[in-house]
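>>> following is a predicted model, sequence given first.
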Amino acid sequence: MSLSRRSVETLLDLVENKLTSMQVIDRDDARELAILENARRELCSAGGKRQAQVLPFAAPARRQSSPVTA
């Protein structure tokens, strides 16, 4: 089964949206990220509209909590 160019572009947009909103916290997230990046590459090579590069967000700085004394 082949997909139309429009369907490939729609799927590519969905994958890119998921990639940009994803936060990698554990191994499962890292695995999903790798799967989505591979899917993006395959969709791009299957006639996607562009070769977009997804830039990961910088990891947020962890705040160290101090004990509350009352």
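On my side now, so go ahead. Numbering: from 1, shown residues only.

>>> can you map out the helices along the protein?
Assigned by DSSP state H, the chain shows helices spanning 5-21, 27-45.

>>> any chance of these in CSV, with mean neighbour count and mean pLDDT too?
The way it works is simple: take the backbone N, C-alpha and C, and place the C-beta from them, glycine included. Listed next are those as CSV, based on neighbours: other C-beta atoms under 10 Å; pLDDT from 0 to 100:
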stretch, mean neighbour count, mean pLDDT
helix 5-21, 15, 93
helix 27-45, 14, 94
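
>>> where does Leu3 fall, phi/psi-wise?
When read as degrees, to the nearest 10, the backbone of Leu3 gives phi -110, psi 150.

>>> burial count for it?
13 (other C-beta atoms under 10 Å).

>>> give me the distance between Ser21 and Glu9.
Plainly put, Ser21 is 19 Å away from Glu9 if you go by C-beta to C-beta, to the nearest Å.
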